[in-house]
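# heads up, no residue letters with this:
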């Protein structure tokens, strides 16, 4: 079922789940030791890109309740995001609505504009998701839960990608695809139906992201 984080996102709840997923995949457990967490925070640049996106969502939420602090936080996000664009060539815009369990496998070249993306999304390098623009189409994609999006994929326009879809490397997708589809080609088309991408998703977060304990501050 597609997760809708809301206009400003759920902030810390979603990011706590992102962290638990990244810790489990990279460090073998959702609540590693404090030294392991510190090393991971300092050296994992994919984490930095996800953290920047979640911070931008939090800053937008803060601006609604405390405008001055929110504007300052959005300024920090702007500089942080520009740094990611310049150094990592990654831009995950704060207007994208992405559910918990976001995993960036390779950060370089990821561009995500306005879009609605469910939980447990896996992104690889050189992925573009956003408005189509051509012929005045300003619609944005809606992507379901448990989507695996391969290197070089482009997903654009007011289309719906069902839950559990696998978008193969180099796919250019501009039309709806049903759940659990394996999609490939340019233009993108369904290659196989009822395709199981469970091994590719690797780790599926449990429900109720907002109730997840903080992997940063919690005890082991």
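Structure's in. What do you need? These figures come from a predicted structure and were not determined experimentally.

# pretty sure residue 182 contacts residue 194?
No: between residue 182 and residue 194 there is no contact under C-beta atoms under 8 Å: 9.2 Å. For the C-beta atoms, the positions are set from N, CA and C on the backbone; glycine is no exception.

# neighbour count winner among these two?
Between residue 182 and residue 194, counting by other C-beta atoms under 10 Å, residue 182 is the more crowded of the two (19 against 10).

# how near is that one to residue 126?
19 Å (C-beta to C-beta, to the nearest Å).

# so residue 64, which of the three states?
With DSSP: H, G, I helix; E, B strand; the rest coil as the basis, residue 64 sits in helix.

# I'd say it and residue 70 touch.
Yes: contact criterion C-beta under 8 Å: residue 64 and residue 70 qualify, at 6.9 Å.

# in terms of neighbours, single out the busier of the two.
Set residue 64 next to residue 70 and count neighbours by other C-beta under 10 Å: residue 70 wins out with 18 against 10.

# list the contacts of the more buried one.
Residue 70 sits next to 59-64 when contact means C-beta atoms under 8 Å, 6 or more residues apart in numbering.

# using the three-state scheme, assign it.
Secondary structure, three-state DSSP: residue 70 is helix.

# residue 116 is in contact with residue 140, isn't it?
Yes: between residue 116 and residue 140 there is a contact at 7.0 Å, judged by C-beta under 8 Å.

# how near is the residue nearest the centre of the chain to residue 191?
Closest residue to the average C-alpha location of the chain: residue 102 at 4.2 Å, with C-alpha atoms, centre = their mean. Residue 102 sits 25 Å away from residue 191 when distances are taken as C-beta to C-beta.

# re earlier: between residue 116 and residue 140, tell me which one has more neighbours.
residue 140 (22 against 18).
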